[in-house]
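Novice: Structural data only, the sequence is not supplied:
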Ligand SMILES: Nc1ncnc2c1ncn2[C@@H]1O[C@H](COP(=O)(O)OP(=O)(O)OP(=O)(O)O)[C@@H](O)[C@H]1O
Ligand SMILES: [Mg+2]
């Protein structure tokens with residue numbers, strides 16, 4: 001196969017693929033050692049002598065390892081890697097081969113006419129994986145594998161390659177050759193160059209891009225001094241060593257940096273949830289690097305990349321961000337963050353090859369602004385993925401999401417996993433929710449407008465990347481119009497609020513800037529002809545349907561063809577098809593005539609020519625004496641006069657020459673029509689060019705308004721999230737939490753939003769519970785039967801904290817919450833055997849982290865810590881945890897356990913309260929769980945009841961009962 005599994009973004013310089021046949025390890029020739037090659041090298045040492053080693057067939061030379069020069073050399077950049085000398089393969093294949101050599105870590109997809117094709121070993125290997133027929137094409141060098149698909153199915157196949165198989169795909173597009181290149185390329189119209197490398201983290205607008213989630217590409221940069229120290233987080237601008245993170249979603253333009261430590265790295269990465277992590281190449285060579293150890297086991301897609309420019313200064317990469325960057329002060333970032341951001345931008349630019357990327361300066365995230373949620377807690381609380389199946393259903397996100405836009409949904413997800421630590425921010429968000437809650441009509445109007453907007457953050461970004469077509473322009477114009485409507489609606493709502501001090505909307509409205517975008521929207525609506533555009537889509541859909549039918553046929557034919565004859569045969573096949581269908585070209589215009597002065601003039605010219613055409617047709621019919629005469633064009637015959645039936649006499653028409661005939665029709669070449677037809681063609685092509693020019697102009701205007709439109713999109717997302725929380729609150733009867741700087745929780749009538757929804761769907765009710773922790777009682781020790789709601793209680797209080805600091809109302813009758821800086825959750829059991837970690841080991845690792853990190857402002861929930869070992873050991877560990885939390889961490893904690901003895905052992909802990917749930921037994925032997933928490937200790941777990949309900953055989957239950965009786969006397 002010859003494919004290398006490693007994700008090496010650049011070819012390690014001067015590695016010689018063809019030398020593998022000689023079993024020589026990669027080497028790097030030095031100028032000094034050139035002469036020792038002893039190979040014929042037409043260009044001499046300067047012109048890369050090793051090229052002659054790459055020639056196939058007879059010219060292949062076998063070398064012995066000891067004949068090769070050794071030692072380091074000056075390496076030239078990747079771009080200087082020349083193509084193979086001499087076309088051994090047919091030219092297109094040679095172009096593919098060259099691209100495969102230049103991008104050895106990628107699957108190369110090459111555009112050939114209306115198809116994307118795979119060749120050589122890529123076709124052989126990936127063809128079957130993509131369910132494509134693999135054909136052999138005969139060439140003078142031997143048969144070559146090939147497989148392909150119609151160009152409009154690109155997204156479908158990219159999804160399999162990039163998303164499912166996690167491959168990097170190099171997309172090779174046709175670039176029209178100018179005259180000299182055409183001669184050089186043996187008459188070929190097109191050169192094929194890699195336009196973009198598509199990787200999981202660098203998707204732009206592919207259809208398989210998840211609309212509900214960000215698609216982040218993350219880079220991690222370790223400052224040299226931090227590999228030995230823990231690299232604690234320093235202030236911005238500090239030059240101290242640290243671990244720098246930079247992540248960008250190039251589909252939306254969101255760009256962030258953050259500094260962290262090795263200790264927090266794994267959690268920081270989990271919160272970002274990147275689709276791809278890019279690391280410097282040097283890490284791959286150090287398998288035991290601390291960084292790789294931290295990332296290992298979390299199943300990240302890691303790409304190693306060799307930056308062309310090492311340690312690029314901010315000034316270097318700032319240029320990448322163009323004028324959209326605005327004010328950029330590098331001293332507001334840490335050194336390691338700048339390192340990560342520069343490296344990330346270099347990687348992204350390499351992947352985008354020919355596309356632009358216009359980003360704003362990265363937003364610096366500071367851990368101190370957000371509630372810290374570590375990786376295990378995020379999983380345990382099932383914030384956006386369920387613990388067992390990794391699904392959305394059953395998560396907090398799923399239970400609370402009522403957003404109407406995709407951008408709003410993405411913002412909600414971001415906020416849920418990074419709740420705020422700022423009272424001001426949280427209250428602003430809550431005020432907005434409350435305002436929408438109090439005015440259902442306003443909320444519905446805003447919601448309706450928002451749901452009609454396009455995904456503007458991503459749409460705008462498409463233009464920033466030099467993409468975006470007429471449809472996108474229209475969608476943008478519509479969204480700008482809707483943004484204006486939203487703005488007007490909120491302004492009039494503000495007038496109604498006149499009595500309220502400082503309307504909650506004023507801040508948001510101030511952030512909207514509509515001047516430039518409104519002008520742009522007007523220009524777009526004046527320029528683009530919606531009807532013409534939909535007509536064009538209909539035509540494209542027809543063509544696509546025809547092509548699908550022909551695709552397999554053409555591909556299999558290509559496989560059978562002999563070298564060099566492909567172009568001809570395919571062409572003749574195509575003209576055969578088209579000659580039957582073409583009459584007058586179906587031309588639709590996507591721009592209105594009024595889009596530009598030039599367009600108006602060109603259309604007038606075309607109208608005149610059309611009139612002349614009508615007249616000519618009329619005259620010819622009269623002269624020939626038949627109404628069955630039409631003026632036509634086909635790809636086979638060009639402009640011709642078509643006569644149906646045997647009536648009429650074309651001899652009367654001056655210079656008419658018969659060029660084809662059938663039983664019932666005849667075609668003639670008539671100079672007058674040839675001349676007029678060419679003029680018509682010319683006029684149409686001028687209109688097309690002018691349309692493209694206007695489109696380019698509009699795109700450029702979008703780019704000018706980029707920053708404004710990005711900010712407007714953020715405002716729309718924020719409104720959507722607020723409306724979503726208000727709708728949820730109305731549906732579920734949530735309450736506005738009161739947040740303060742104290743270190744206590746006081747929740748009355750609290751519920752678990754996900755469990756309650758589950759129970760309600762089965763017609764069951766959820767029992768609410770109060771939770772007062774932090775002041776009189778800093779730790780609540782909870783005992784009680786299995787299945788009686790201990791774990792649910794623990795999690796619901798953690799989720800209420802998360803929701804409150806996200807800026808949402810909460811599932812309770814009353815909630816007063818002191819801001820939580822870090823939330824920790826140790827629940828359930830899990831093992832990680834692959835990483836050599838048993839169930840108990842995992843439990844202890846997680847517990848250790850909590851005890852090391854929790855502060856007096858933190859909130860900890862621990863569920864059955866110590867259960868994975870003997871009761872004695874478990875009790876000892878459980879007690880040690882309680883002791884540590886109480887005396888050292890001094891945080892709020894809920895601790896559930898079946899070890900009742902812990903209640904006795906902690907009697908001296910003044911600020912530890914014992915609570916329990918119960919089982920209610922009736923005389924007829926039936927029982928029910930009482931999920932209401934009460935003060936006290938329940939020393940019965942009633943485990944056998946659960947076993948019975950679970951269907952354990954009767955005999956086994958009887959045995960268990962007997963054993964239990966025997967054991968219960970000397971209670972633990
Ligand atoms: N407050 C409640 N109101 C109604 N039903 C509840 C409540 N709390 C829990 N339940 C129901 O009881 C089930 C078991 O709850 P949970 O897992 O919290 O029990 P547990 O006490 O932790 O049990 P175990 O000791 O076996 O871990 C839940 O899945 C839910 O269906
Ligand atoms: Mg439990």
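Specialist: Good, I have the coordinates. Since the structure is predicted, the reported quantities are computational estimates derived from the model, not experimental observations. Ligands and ions are numbered 1, 2, ... in the order given.
Novice: Now the residue nearest to residue 794 when sequence neighbours are not counted: which helix or strand?
Specialist: With sequence-adjacent residues excluded and distances taken as CB to CB, 6 or more residues apart in numbering, residue 794 is closest to residue 861, at 4.2 Å. Every C-beta, even on glycine, is put in place using the N, C-alpha and C of the backbone. Per DSSP states H and E, residue 861 falls inside strand 859-863.
Novice: residues near residue 534, how many?
Specialist: By other CB atoms under 10 Å, the residues close to residue 534 number 13.
Novice: Give me the phi and psi angles of it.
Specialist: Main-chain torsions, residue 534, degrees, to the nearest 10: phi -70, psi -30.
Novice: OK, contacts around residue 435?
Specialist: Taking CB atoms under 8 Å, 6 or more residues apart in numbering as the criterion, residue 435 is in contact with 504-505, 722.
Novice: make it 6 Å
Specialist: The neighbours of residue 435, taking CB atoms under 6 Å, 6 or more residues apart in numbering as the test, are residue 504.
Novice: Let me know the pLDDT of it.
Specialist: Per-residue confidence at residue 435 stands at 94 (pLDDT).
Novice: cool, residue 659 as well?
Specialist: Per-residue pLDDT puts residue 659 at 85.
Novice: Check the gap between residue 666 and residue 418 for me.
Specialist: Residue 666 sits 76 Å away from residue 418, going by CB to CB, to the nearest Å.
Novice: Are we agreed that residue 688 is in a helix?
Specialist: Yes. According to DSSP: H, G, I helix; E, B strand; the rest coil, residue 688 belongs to a helix.
Novice: pLDDT value on it, please?
Specialist: We have a pLDDT of 91 for residue 688.
Novice: Count the residues that sit near it.
Specialist: Using other CB under 10 Å, residue 688 has 15 other residues around it.
Novice: go on, residue 378?
Specialist: The burial count for residue 378: 21, using other CB under 10 Å.
Novice: ok, which residues in the stretch 851-972 of the chain are in contact with ligand 1?
Specialist: residue 931 (CB under 6 Å from any ligand atom).
Novice: what about the strands in the stretch 851-972 of the chain?
Specialist: For the stretch 851-972 of the chain, the strands defined by DSSP state E, counting those that start in this stretch cover 859-863, 892-896, 912-921, 927-935.
Novice: ok, which residues in the stretch 701-850 of the chain are in contact with ligand 1?
Specialist: Residues of the stretch 701-850 of the chain lying near ligand 1 by CB under 6 Å from any ligand atom: 755, 759, 766-767, 784, 786-792.
Novice: sorry, back to before: just confirm the residue nearest to residue 794 contacts residue 798, I think it does.
Specialist: Yes. With contact defined as CB atoms under 6 Å, residue 861 counts as touching residue 798 (5.2 Å).
Novice: Would you mind telling me which of these two has the busier surroundings?
Specialist: In this view residue 861 and residue 798 are compared by other CB under 10 Å, and residue 861 has more residues nearby, 28 against 25.
Novice: what residues are up against the residue lying closest to residue 820 once chain neighbours are set aside?
Specialist: Nearest residue to residue 820 in three dimensions, chain neighbours excluded: residue 859, at 4.5 Å (CB to CB, 6+ apart). Contacts for residue 859 (CB under 6 Å, 6+ apart) come out as 801, 820, 823, 892.
Novice: rerun at 8 Å
Specialist: Neighbouring residues of residue 859 by CB under 8 Å, 6+ apart: 745, 797-798, 801, 820, 822-824, 891-893.
Novice: wait, which of the residues you listed is closest to ligand 1?
Specialist: Nearest to ligand 1 among the contacts of residue 859, counting by CB to the nearest ligand atom, is residue 797 at 11.7 Å.
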